[in-house]
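1. next input, structure requested:
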Amino acid sequence: MTSLQPKALALVLAAPVSLLAATFDGPDGNKFDITGFTKHEWSRSANGARIVPDTLSNYTYDNRNVETRPALAQTRRADRNSELSMQQLSLGWSKETAGAVGLEARATYRWRSDEAVRFFKGPDVDYRPANSDLWERDYTERFVGLSRPDLGALKVGTQLSRSWSRSDAFSFPIGLSGVWADSGAGYGILPTAVRITSPIMEDGSGKLTVELTAATHKRNTYMVDPALTAAGTGPTKPNAVELFLQYSNAKNLIELTVQSARGAKQTAFGKSALIGWIGDPDTFGGAPRKAAAPSQSVVVLQGNHWPDTRNMFTWGVRRSQWSGSAATCNYSAATANCIFGLDPGFNYGAESKGSLGYQASTYDAMVGWSRYQGLYTYTIGGVYFGRASSKNPIEWGQSNSALHINIGVARKVPEVDKGLTVTAGVARAQYQKLGPAPVSMPNNNFLGANSLYDRSAVSGTVGLTWTF
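-> Numbers count the residues shown, from 1 in each chain. Here you go, the predicted model:
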């Protein structure tokens, strides 16, 4: 039997794409590395998604349009063609002392554009003020750490959560990264975090690693009118705790992630940063509404199984839970009227009842298969978004479900460069019914069709990724 342990271990802490580092040895044992990638995709859908104009996304018409659905004539079709460009650059330093203590520092930044041939347009996840200085930019990672093989590791600074980064690592090879990793109740970027990782524990059956992360961020007051903040809107400082366990043996890589957060802006965008709740500046019945601070949690169990060296099966199950969050007006001084956008709330009830949030929980699942054949990799995978359990009397997507399937092929192109890969794929999404999208999706257009008006979407994508 061929051992697959090296392949499993290679995926342990890998990025979404396998970065090929350029390493430089400095004096006194210092090492420096520059890694990164650039990704470019072109997609075409059978029908462009229905777009609701911004003018209809105000206090009455939230971003899911759960209370009032604009007429079909008030919407428009998005362009059937779409593009994506992403770049990532990571700079690292490391050194090992005579006592086997490893020191490291790393800064990583990722850009995103809706034009395939445009580079370094804007941050992939925008979570800091636009006028921030270089030190306060929207870093994907920015941390320092130390480690010793027999004691484990400690990292402090901006870090990726395991709920997003590991979901991305499992789903990226089967073309489902933007569907599986970017949904659910987790937060992807932890702006200020402390992470403790155990040493690798090994017995005859496999290897186990345990990790605990605690994260927080500043109070989210910069987007709110200071006069309202001073009046007692109650913005909160977000806090999150994440437990991560990883087990691997010759044929399996299995991971469990449990993340719980409180006082953060509620979301179903699994890649979002841990940003503080702005508080409650609204009134109801002539008095301050005083909505409760939101909380949410996610549990993800996922893994890979290698029956042989040419096949890989990928699987995952996820439970997401939200407390619900009251719909809140955007009281920014720069805004002339009350509109959604700053904090649109989550799974809230009727405006006549104060638009207060309701608890919701849901289960989702992922499955996929990869076949390796020389320079080619053939894949098929799917994600199922389940119905949610919620007592919200308004339909917020809790009775809807959806299935997304992707079939793809990738080819390494060593004739040009060992880090170049070209890809092609076709995808189909199907909602159970018309209405707001399932609760664990960040918006109604998440799968390429607006679930208010279309039950299905079909698309094709070609792209290339170059790592260095």
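2. hang on, isn't V125 packed against S272?
-> Yes. Contact criterion CB atoms under 8 Å: V125 and S272 qualify, at 6.6 Å. (Each C-beta comes from the backbone N, C-alpha and C, glycine too.)
3. tell me, what's touching the two both at once?
-> Shared contacts of V125 and S272, defined by CB atoms under 8 Å, 6 or more residues apart in numbering, comprise G188, I189.
4. in stretch 442-453, which residues are buried?
-> Neighbour-count burial for stretch 442-453 flags P442, N444, N445, F446, L447, G448, A449, N450, S451, L452, Y453 (criterion: 16 or more other CB atoms under 10 Å).
5. then stretch 257-273?
-> Neighbour counts using 16+ other CB under 10 Å place 257-273 of stretch 257-273 among the buried residues.
6. do stretch 414-433 as well
-> Here stretch 414-433 shows G419, L420, T421, T423, G425, A427, R428, A429, Y431 as buried, counting by 16+ other CB under 10 Å.
7. ranges for the strands of the stretch 201-350 of the chain?
-> Secondary structure of the stretch 201-350 of the chain (DSSP state E, counting those that start in this stretch): strands at 201-203, 206-216, 239-248, 252-262, 283-284, 287-288, 295-308, 311-322.
8. redo those as a markdown table? Include mean pLDDT and distance to V194.
-> Listed next are those as a markdown table, based on pLDDT from 0 to 100; distance: least, CB to CB, whole Å:
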| stretch | mean pLDDT | distance to V194 |
| --- | --- | --- |
| strand 201-203 | 92 | 21 |
| strand 206-216 | 97 | 5 |
| strand 239-248 | 98 | 11 |
| strand 252-262 | 98 | 15 |
| strand 283-284 | 78 | 39 |
| strand 287-288 | 82 | 35 |
| strand 295-308 | 98 | 19 |
| strand 311-322 | 98 | 24 |
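9. tell me what S85 is bridged to.
-> Note on S85: beta-bridge partners by DSSP bridges are H40, S113.
10. what residues are up against it?
-> Here S85 is in contact with 38-41, 111-119, 121 (CB under 8 Å, 6+ apart).
11. now stretch 162-180, how far from the chain's geometric center?
-> Offset of stretch 162-180 from its chain centre (CA atoms, centre = their mean, to the nearest Å): 8 Å.
12. list the buried ones in stretch 296-305?
-> Buried, per 16+ other CB under 10 Å, within stretch 296-305: Q296, S297, V298, V299, V300, Q302, G303, N304.
13. so how far is P173 from the last one?
-> For N304, the distance to P173 (CB to CB, to the nearest Å) stands at 9 Å.
14. list the residues that contact both of the two?
-> M312, T314.
15. spatially central residue for this protein, please.
-> Nearest to the mean C-alpha position of the chain, counting by CA atoms, centre = their mean, stands K271 at 2.0 Å.
16. model confidence for that residue, exactly?
-> pLDDT for K271: 96.
17. same question for the one 5 residues further on.
-> The confidence metric pLDDT takes the value 91 at G276.
18. quick one: it and G234, what's the gap?
-> G276 is 11 Å from G234, by CB to CB.
19. looking at those two, which is more packed in?
-> More crowded of G276 and G234, by other CB atoms under 10 Å: G276, with 21 against 17.
20. now do the same contact list for the more buried one.
-> G276 neighbours (CB under 8 Å, 6+ apart): H217, K218, R219, N220, P235, T236, K237, P238, G263, A264, K265.
21. for it, give the beta-bridge partners.
-> Counting by DSSP bridges, G276 is bridged to A264.
22. coming back round to it: of the buried residues of stretch 414-433, closest to D280?
-> Ranked by distance to D280 (CB to CB), those are led by Y431 at 32.5 Å.
23. ok, now which ones touch the closest one?
-> Shown in contact with Y431 (CB under 8 Å, 6+ apart): N400, S401, A402, A437, P438, L447, A449, S451, D454, R455, S456.
24. and those residues as TSV, adding pLDDT, secondary structure and distance to S198?
-> Below are the contacts of Y431 laid out as TSV (pLDDT from 0 to 100; DSSP: H, G, I helix; E, B strand; the rest coil; distance: CB to CB, whole Å):
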residue	pLDDT	secondary structure	distance to S198
N400	97	coil	41
S401	98	coil	38
A402	98	strand	38
A437	96	coil	39
P438	98	coil	36
L447	96	coil	38
A449	95	coil	44
S451	96	coil	43
D454	96	coil	48
R455	97	coil	47
S456	97	strand	46
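25. just the buried members of these?
-> Members of those classed as buried by 16+ other CB under 10 Å are N400, S401, A402, A437, P438, L447, A449, S451, D454, S456.
26. of all those residues, which comes closest to K31?
-> Nearest to K31 among those, with distances taken as CB to CB, is L447, at 43.2 Å.
27. now do the contacts for that closest one.
-> V179, A402, H404, A429, Y431, A437, M441, A457.
28. one more time with 10 Å, if that's ok
-> 49, 178-179, 183, 383, 385, 402-404, 427-431, 437-438, 441, 454, 456-457, 459 (CB atoms under 10 Å, 6 or more residues apart in numbering).
29. how about it: what's its closest non-neighbour residue?
-> A429 (3.6 Å; CB to CB, 6 or more residues apart in numbering).
30. and what of D28?
-> Closest to D28 by CB to CB, 6+ apart is K95, at 7.6 Å.
31. buried set for the strand or helix carrying that neighbour?
-> Using DSSP states H and E, K95 maps to strand 81-96. By neighbour count on 16+ other CB under 10 Å, the buried set for strand 81-96 is 82-90, 92-95.
32. so where's this protein shaky on pLDDT?
-> 1-21, 54-63, 130-132, 222-232, 329-342 (pLDDT under 70).
33. and F32, what does it touch?
-> Applying CB under 10 Å, 6+ apart to F32 gives the contacts A21, A22, T23, F24, D25, G26, L91, G92, W93, S94, K95.
34. roughly how far does it sit from K95?
-> Distance from F32 to K95, counting by CB to CB: 10 Å.
35. what number of residues lie near the closest residue to K121 other than its chain neighbours?
-> Closest residue to K121 apart from its sequence neighbours, by CB to CB, 6+ apart: S113 at 3.6 Å. The tally of other residues near S113 (other CB under 10 Å) stands at 18.
36. M366: how many residues sit nearby?
-> Based on other CB under 10 Å, the number of other residues close to M366 is 24.
37. was I right about it contacting V317?
-> Yes. If you go by CB atoms under 10 Å, M366 and V317 touch, sitting 7.8 Å apart.
38. how about V426: what's its closest non-neighbour residue?
-> V426 sits nearest to G460 (CB to CB, 6+ apart), 4.9 Å away.
39. the one you found - that's part of a helix, no?
-> No. Assigned with DSSP: H, G, I helix; E, B strand; the rest coil, G460 falls outside any helix and is strand.
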